[in-house]
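Undergrad: need a structure here:
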Amino acid sequence: MELRSEISNGAPGSSSAGVGRLEENSDQSWKRIWKLPCPTKLQMFVWRIRHESLALCTNLERKGVKLKQSKCFFYGRAVEDGGHLFIRYKVVKEVWQELWLEKERIQLEGITGAHTMLDSVWEMDVNNRVMISTLWWQWWNIRNKVREEELTVSAAELVRRIRSSTIECAQIFQSEPKETRVGKWQPPSHDELKVNLDGAFTPDSSFGGWGVVVRDSDGQIIAARAGRQEHTQDAFQAELNAMGAAVALAADLGVLRVIFETDPQLLADAMDLQKVDSTPYAIVIEDIKFQLKLWFAKHSVRACSRNVNSVANELAHIGSTCLPNDCMQWENNVPPSVAECAFGDLPKHR
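TA: Numbering: from 1, shown residues only. The predicted structure follows:
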């Protein structure tokens, strides 16, 4: 991706900057691309960014292709290079902000070369790597539709798609790092309860499952629910369904001090009371935040690894088998598969 129109040989904005170093690169950055936990098509897109082979107007002109115009297809004034298209254009800025990646965007905005930029991205959390790569890929597709004068989607809809894709990538492609596999569920303090929750969604389906479990400081199950929600569009909505069910269960139990634990960092971020959401799920998110403030004297929403969230994950899969818009509830007589997951988490079995 060309961030500036620098034509000198080997400069960050020229294709020759990447081609000559493809085999010589000692930092293994090329191998990192193929290890990115995402679909192959997204890996290929990131490879094209690294190789500076996207058909940006400035890239095409540098290669001698004559264009009727080389300006931004959105804005019509600025030269279309990678920095403008993916980082500086006002609408794409809104997308970065809605994804709570403004700090990362500002960090990348000051970088002039594609190689240095991707090195900076690779220093970030793996979920941010996938989210930023997905953002660029989705935005590139929208740019191509604008070029062909086709209908596009709103920034809010784009944010929804990016969040959903990031969660799906984590569920399908991302294995737990070895150093975190030994992690166990941590019990709350004696005056609190912990609620673990998870959503389950299969692409191309029209429903999602959810699972919620409440446990005390000894790791004992106080209550559990699992259900199926129809008209679920994506993985992020399935996680929101689980969060809503978790709040409802904790409120029904009369809990005052509670910790909610979920494996998608995106959901934990969405529950931040200091942040305002404007995606298509904004109404649902703000309603859950209101319920959190209404029912609990003290609460927190934390992200954990999927390995730690195994009980809720198993319940979510059970929920997927329920009747449409129905749920099941247990006190301590949970299904054997759920009991096995919880048994392995008890302090004496660590």
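
Undergrad: who's in contact with the helix or strand that contains residue 224?
TA: Here residue 224 sits within strand 221-230, counting by DSSP states H and E. By Cβ atoms under 8 Å, 6 or more residues apart in numbering, the residues outside strand 221-230 that reach it are 193, 206-216, 238, 241, 245, 249, 253, 311, 315-316, 318-332, 334, 338-339, 342. To be clear about C-beta, it is placed using only N, CA and C from the backbone, and glycine gets the same treatment.

Undergrad: and stretch 271-281, how far out from the chain middle?
TA: 14 Å (Cα atoms, centre = their mean, to the nearest Å).

Undergrad: could I get the buried residue list for that stretch?
TA: Residues 271, 277, 279, 281 are the ones in stretch 271-281 that count as buried (16 or more other Cβ atoms under 10 Å).

Undergrad: most widely separated two among those?
TA: Farthest pair in the buried residues of stretch 271-281 (Cβ to Cβ) is 271 and 279. Separation: 13.7 Å.

Undergrad: can you give me the helices for the stretch 51-200 of the chain?
TA: Secondary structure of the stretch 51-200 of the chain, counting by DSSP state H, counting those that start in this stretch: helices at 57-62, 82-83, 90-98, 102-109, 114-122, 126-147, 155-172, 178-181.

Undergrad: return the most buried member of these.
TA: helix 82-83 (a mean of 24; mean count of other Cβ atoms under 10 Å).

Undergrad: element containing residue 250, please.
TA: helix 235-252.

Undergrad: what angle separates the following helix or strand past that helix from helix 235-252?
TA: Downstream of helix 235-252, the first helix or strand assigned by DSSP H and E is strand 257-262. Calculated by axes from the mean of the first three to the mean of the last three Cα atoms, to 10 degrees, strand 257-262 forms an angle of 160 degrees with helix 235-252.

Undergrad: related to what we said a few turns ago, nearest to residue 51, of the helices of the stretch 51-200 of the chain?
TA: Comparing the helices of the stretch 51-200 of the chain by their distance to residue 51 (Cβ to Cβ), the top pick is helix 114-122, with 8.5 Å.
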